[in-house]
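[1] need coordinates for the following:
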Amino acid sequence: MTKQNTNQATADQFQFADPSKLNSQHDGVAQKSLSFHEKAWHQLKHDHAAMVSLVFLLLVALFSVVSLFWMPHNPNAQNVDLSNLKPFTNGSYILGTDGLGRDMLSRLLYGTRISLMIALFATLVDILIGVPYGLVSGWCGGRVDNVMQRIIEIISSVPELVLIMLLLIVLKPGMVSIIIAIALSSWVLMARLVRASAMQIKSADFVLAAQAMGESPFQIALHHILPNTMGVVITRTMFTIPAAIFLEALLSFIGIGVKAPNASLGTLLNAGEKGFQFYQYQLWEPVLVLSLMMIAFNLLGDGLRDAFDPNTRG
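    Below you'll find the model as predicted:
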């Protein structure tokens, strides 16, 4: 007789697995793979400061758009009999009035809209010039890159504020002049960042594979390199917008930007500073709006940088 193998499994030792338990055990393995941008959005959603900033900025943008169609009062309408009303002392003028009886809330809405428009137009020019310039410079390399970088160095050698003031001397002070002045100098850093990103990406395996498959340099730049620089572009844009808003406020505050009676955050700061000794609220209101916008843009920019740059993730 042969000796029975005691280690042999028998049929009654098997049992069917519970499908619900089986699925729950493998949830971590069966999760859908996320794209880079989906992972970035997932990371951003867990940054509470960035999300609060995003909501605040969306509300500011919403109020700015609404102010195109409705405002409590005409922001330039003067009523000397109601001048210098303090906030919350009159139901029709919630944030008070200035020295000429103009509604502060309406002027804040109008001024914020003007400042945002200047920043957005300047940022649009920044993207339209800086991104293609940096992409061509980084992708082509060699002599083309050397020539393009020398041009950037010449522009960078002139201080931005000096360049803007020289342009405003030639052009008439106003909204269009500020947009042109800011746009001519702000694209340089965007171009450098995109160039650095393009030079890093062009040595990646998927770019080499596209070259081996016979894709043209233009197709590779447009379909492979440009989409992978969007993280850098978006992050830089979130820092460009507040910088443009602050620069507009500075230029208008010192009297070479938007001119009165038109309102911007800079002109409101200028007017509030003159009467600060007696009517502090006329300065604190635009200061508060400007400060909150600067903080929100910077917190959102930090969140986007952490989300799009894997090296900064915890």
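[2] what about Glu273, neighbour count?
    Here the count is done by other C-beta atoms under 10 Å, and Glu273 has 14 residues near it. For the C-beta atoms, the positions are set from N, CA and C on the backbone; glycine is no exception.
[3] got a list of what it touches?
    Applying C-beta atoms under 8 Å, 6 or more residues apart in numbering, one finds that Glu273 lies in contact with Phe253, Leu283.
[4] kindly confirm my reading that it is in a helix.
    Yes: per DSSP: H, G, I helix; E, B strand; the rest coil, Glu273 lies within a helix segment.
[5] residue for residue, what is the longest helix the protein has?
    helix 104-140 (DSSP state H).
[6] just the angle between the helix or strand containing Val55 and helix 104-140, please?
    Val55 belongs to helix 48-66 when assigned by DSSP states H and E. Regarding helix 48-66 and helix 104-140, their directions subtend 120 degrees when assessed with axes from the mean of the first three to the mean of the last three C-alpha atoms, to 10 degrees.
[7] quick one: mean pLDDT for helix 48-66?
    Per-residue pLDDT over helix 48-66 has a mean of 90.
[8] flag every buried residue along it.
    Of the residues in helix 48-66, those buried by neighbour count under the rule 16 or more other C-beta atoms under 10 Å are Ala50, Ser53, Leu54, Phe56, Leu57, Val60, Ser64.
[9] for that helix, packing partners?
    When contacts are defined as 3 or more C-beta pairs under 8 Å, 6 or more residues apart in numbering; DSSP states H and E, helix 48-66 packs onto helix 36-45, helix 104-140, helix 281-308.
[10] for Pro286, list the residues it contacts.
    The contact partners of Pro286, taken as C-beta under 8 Å, 6+ apart, are Leu108, Gly111, Leu265, Leu268, Leu269, Gly272.
[11] which stretches of this protein have low pLDDT?
    Along the chain, the parts satisfying pLDDT under 70 run over 1-37, 309-314.
[12] check which helix or strand the residue most central in space within it maps to.
    Relative to the mean C-alpha position of the chain, the nearest C-alpha, by C-alpha atoms, centre = their mean, is the one of Met238, at 2.0 Å. Using DSSP H and E, Met238 maps to helix 230-253.
[13] helices and strands around that helix, which ones?
    If you count contacts as 3+ C-beta pairs under 8 Å, 6+ apart, helix 230-253 packs onto helix 104-140, helix 160-170, helix 175-201, helix 265-274, helix 281-308.
[14] mind putting these in JSON lines, distance to Ile254 included?
    Formatted as JSON lines, the helices and strands packed on helix 230-253 follow (distance: least, C-beta to C-beta, whole Å):
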{"stretch": "helix 104-140", "distance to Ile254": "15"}
{"stretch": "helix 160-170", "distance to Ile254": "9"}
{"stretch": "helix 175-201", "distance to Ile254": "12"}
{"stretch": "helix 265-274", "distance to Ile254": "8"}
{"stretch": "helix 281-308", "distance to Ile254": "15"}
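[15] so which of those gets nearest Trp41?
    The closest of the helices and strands packed on helix 230-253 to Trp41 is helix 281-308. By C-beta to C-beta, the value is 7.3 Å.
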